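**Q** just a sequence and a predicted model for now, questions to come.
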Amino acid sequence: MKTHRTKPSSTQGYSLLELVLVLAIVSVLVGLLLPKGFDALRNARIQQVQKTIDTLKTAITDFISMPGGNGSIPRTEGTGVPCAGAALTGATDSAKGNGARLDTVLLATGKIERPINLRMGSQFFASSGTGNEMTWSQSQQAFVVTPDAAPLRNWSAVTRVEARTANPAQAPSAAQGANFRLDGLTDINANYVVAYLVIPAVPAKDAYELARAMNGAQLTPAEGTACDTGVVAYAAPAAGVTDVYVYITSL
């Protein structure tokens, strides 16, 4: 009588010890590589901001020297926003400031090719509110609403370029772009108009690393505190975020 023996299976499962070892190795690799990935993404965001500032500096210089212009930067915040039309001119400074942006001026005059679009901070790209937008009329050197009306649009949650009269009475962290201490000590002259980039709702770590990259080591704030020195200014982060203001130029 022949005896039939069962062949051992060629596919055996992993032992519990092997699975534990594989999971341990994977967790170590994730722990090592994930922070480096986050750092790389943050560095890419910082470099994008730096390149955008360089582009805006050139665009504003070109705008100021345009034939038919008045050689100045139009205010888009605070008092003195240039407007045409009875309804728009009679609106409050706050309403005009919410609706006007310097990047729309640069777009209208062909000095930049597309709206500001950063991967850092708020990812809102449209205004809130209703009604027609404020647009720039180069011939009138003023903002207009067509047909003439009080501005009802609000761009305050969107990354944008603004300009306002300098206010050296306030610390840069509280001035919302109206003051920067570029050398760490000296306030901007009160007679100047300051142009700056606003990046709303920036994570605290991004804000700190941006300040460290653009301000230099000697003007870097303590992490988690307000930044009052250099070309980057912001208030102490609240709930993990802060609005960041980046100096472009002043005139």
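**A** That came through, no problem.
**Q** pretty sure Tyr196 sits against Gly177.
**A** Yes - the criterion here is C-beta atoms under 8 Å, and Tyr196 meets it with Gly177 at 4.0 Å. The C-beta positions use only the backbone N, C-alpha and C, and glycine is treated the same way.
**Q** need the residues touching each of these two.
**A** Glu162, Tyr245 (C-beta atoms under 8 Å, 6 or more residues apart in numbering).
**Q** hey, where'd the helices end up in the stretch 51-200 of the chain?
**A** Along the stretch 51-200 of the chain, counting by DSSP state H, counting those that start in this stretch, helices occupy 86-89, 93-99, 102-108.
**Q** Asn117 is nearest to which of those helices?
**A** helix 102-108 (10.4 Å; C-beta to C-beta).
**Q** before we move on, back to that, higher neighbour count, Tyr196 and Gly177?
**A** Tyr196 (29 against 26; other C-beta atoms under 10 Å).
**Q** contacts only, for that one.
**A** Shown in contact with Tyr196 (C-beta under 8 Å, 6+ apart): Val161, Glu162, Ala163, Gly177, Phe180, Tyr245, Val246, Tyr247, Ile248.
**Q** per-residue pLDDT of it, please?
**A** If you check Tyr196, the pLDDT there is 98.
**Q** make a markdown table out of the helices of the stretch 51-200 of the chain and add distance to Leu41 and mean pLDDT.
**A** Formatted as a markdown table, the helices of the stretch 51-200 of the chain follow (distance: least, C-beta to C-beta, whole Å; pLDDT from 0 to 100):
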| stretch | distance to Leu41 | mean pLDDT |
| --- | --- | --- |
| helix 86-89 | 42 | 98 |
| helix 93-99 | 31 | 98 |
| helix 102-108 | 25 | 98 |
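**Q** switch those helices over to JSON lines; also include mean neighbour count and distance to Glu18.
**A** Output for those, formatted as JSON lines (neighbours: other C-beta atoms under 10 Å; distance: least, C-beta to C-beta, whole Å):
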{"stretch": "helix 86-89", "mean neighbour count": "16", "distance to Glu18": "73"}
{"stretch": "helix 93-99", "mean neighbour count": "20", "distance to Glu18": "62"}
{"stretch": "helix 102-108", "mean neighbour count": "21", "distance to Glu18": "58"}
